[in-house]
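> The amino acid sequence is not available; the structure is as follows:
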Ligand code: NAD
């Protein structure tokens, strides 16, 4: 198994493996934590090597940032600017992201263990997200109601919701921030952002670039540190109007509960256990390639991963043979190597968690047909792993492993495929493969998931909304939906005269 996978050992002498010291950005100023404490991050892909040191923000730091965002919203120029003025600044930020692509990609490869070639693509897409939102700032409207009678004009004014707290996970830090910030900022909101303590560098750099592009002080603040206290302050603080949380369902429940107790609007984008349904009439070569990339890409640390393969029984052997062959050819290893497709898992406890699931699957009677073990002697690399003989009751079929682990179940009819696909508490992503488009569409229509593909996986575009069904979340980001998420709509009933008197 191990010997079949081309492994690129981490090059410990790479000159990019150096430590960088970051500061938070609060009210336009780069600052350390009030306590002076820091959190150190070692590369998960190399032997213990320090790559960044970030301030360990406290409740007091979060308070300062929230109040700066509050002032910037209540008294500052940002919400009052024209959409065109805001759009120009967002466009500059998009250009700055593109200009700093290499720097941002290197930061994420070092902190997150992600293959640098892939991160470059994510940085470019992040710039596209800012560009899309920038262009739409001029077109954000409400509604008028002009058929309420001659004496009435009805207006539905779009207004920014206010101060938005944004909490992001470690797997796609810049991309996930870029799916939210340009929409919130574009409407006129101000933001406090808490990136994951494991991968904060690119978010800090993003905020610094935004400041240099003319974003007024206090409009985008970054507080680094742990979820408790920093993230929790964002959820609990009376001065934040909206909480946007992306991360695990477990933490989503905690912060969602805190926000609910304050009657605060929330957007939650949580975990997934995406079904990849492959019918026997599919283009098997294309399906196999994408089945592999959908679960082994980014070492499976992808919320929309296609981690459950549901394959029509008659095609099972052929498809699995192809997917196994592909999985053994994936180039895994040093994320700084240009040819590498998949880097390291995020940290040792996560690697051990993946291993626990492998043990649980085996103990429950499922069979590992490839992978199932660590790769290399340093770092946290894990081989692409495929389970067969999986039944829906097993933990490997039900829980989000968040690693390069595919679980396979076969089905006989489309109805059975749909039942299996929906047999999960999650509802984030789903894929259907078939050359019969009518069958594919009929199937996807019945799968309860928010982000779906027919004959594909993973591609996205700023125009289309994203978000989860069921326990995968609440709310929609990007596209026109993202602007609505961060807007409040005010009803203005304009009386134009002619109303009879209450007391005459
Ligand atoms: P996580 O829930 O552990 O952490 C996410 C963020 O929340 C981090 O910034 C963390 O510091 C913070 N946090 C932790 N505890 C907190 C608390 N008590 N209060 C407030 N904030 C707290 O998730 P993770 O391990 O960083 O990311 C992996 C998870 O994220 C997976 O479940 C994955 O599916 C999910 N995810 C979802 C999407 C999506 O769009 N649906 C995208 C990416 C990742």
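Perfect, I can see it now. This is a predicted model, so every value here is computed, not measured. Numbers count the residues shown, from 1 in each chain.

> Doesn't residue 105 belong to a helix?
Yes: with DSSP: H, G, I helix; E, B strand; the rest coil as the criterion, residue 105 is assigned to a helix.

> For it, give me its contacts.
Residues in contact with residue 105, defined by C-beta atoms under 8 Å, 6 or more residues apart in numbering, are 116, 119, 120, 122, 123. C-betas here are computed from N, CA, C, even on glycine.

> Tell me the first helix or strand C-terminal of the helix ranked longest in the chain.
Taking DSSP state H as the criterion, the chain has its longest helix at helix 116-136. Using DSSP states H and E, the next helix or strand after helix 116-136 towards the C-terminus is strand 143-145.

> got the buried residues for stretch 225-238?
Residues of stretch 225-238 classed as buried: 225, 227, 229, 230, 231, 232, 233, 234, 235, 236, 237 (neighbour count, 16 or more other C-beta atoms under 10 Å).

> Settle this for me: residue 170 is touching residue 196, isn't it.
Yes: the criterion here is C-beta atoms under 8 Å, and residue 170 meets it with residue 196 at 3.7 Å.

> any idea which element residue 156 lies in?
Of the helices and strands defined by DSSP H and E, residue 156 is found in strand 152-160.

> Run me through the strand neighbours of that strand, direction for each.
For strand 152-160, sheet partners with direction are given as strand 143-145 (antiparallel), strand 487-495 (antiparallel), following DSSP bridges.

> hmm, the longest helix of the chain in reach of the ligand?
No: contact check for helix 116-136 against the ligand, using C-beta under 6 Å from any ligand atom: none in range, with a minimum separation of 12.0 Å.

> Spell out which parts of the stretch 351-500 of the chain neighbour the ligand.
Residues of the stretch 351-500 of the chain found near the ligand, taking C-beta under 6 Å from any ligand atom as the criterion, are 400, 402, 428, 468, 473.

> Could you count how many residues lie near residue 492?
Close neighbours of residue 492, defined as other C-beta atoms under 10 Å, add up to 12.

> For it, which non-adjacent residue is closest in space?
Counting by C-beta to C-beta, 6 or more residues apart in numbering, residue 492 lies nearest to residue 155, which is 4.0 Å off, once chain neighbours are set aside.

> Just give me the neighbour total for the one you found.
Close neighbours of residue 155, defined as other C-beta under 10 Å, add up to 15.

> Ok, residue 211 next?
Other residues within reach of residue 211 by the criterion other C-beta under 10 Å amount to 18.

> hmm, back to that, correct me, but the residue nearest to residue 492 touches residue 142?
Yes: assessed by C-beta under 8 Å, residue 155 is found in contact with residue 142 at 6.6 Å.

> which residues do those two both contact?
residue 490.

> can you map out the helices along the stretch 301-450 of the chain?
Ranges of helices within the stretch 301-450 of the chain are 316-327, 348-364, 395-398, 414-422, 437-445, based on DSSP state H, counting those that start in this stretch.

> Tabulate the ones you listed (CSV), appending mean pLDDT and mean neighbour count.
Formatted as CSV, the helices of the stretch 301-450 of the chain follow (pLDDT from 0 to 100; neighbours: other C-beta atoms under 10 Å):
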stretch, mean pLDDT, mean neighbour count
helix 316-327, 98, 18
helix 348-364, 98, 16
helix 395-398, 98, 19
helix 414-422, 98, 18
helix 437-445, 98, 15
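
> Would you format these as TSV with distance to residue 376 included?
Output for the helices of the stretch 301-450 of the chain, formatted as TSV (distance: least, C-beta to C-beta, whole Å):
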stretch	distance to residue 376
helix 316-327	17
helix 348-364	11
helix 395-398	24
helix 414-422	35
helix 437-445	39
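
> Minimum distance to residue 273: which of these has it?
Taking C-beta to C-beta as the measure, the helices of the stretch 301-450 of the chain were each checked against residue 273, and helix 395-398 came out nearest at 7.0 Å.
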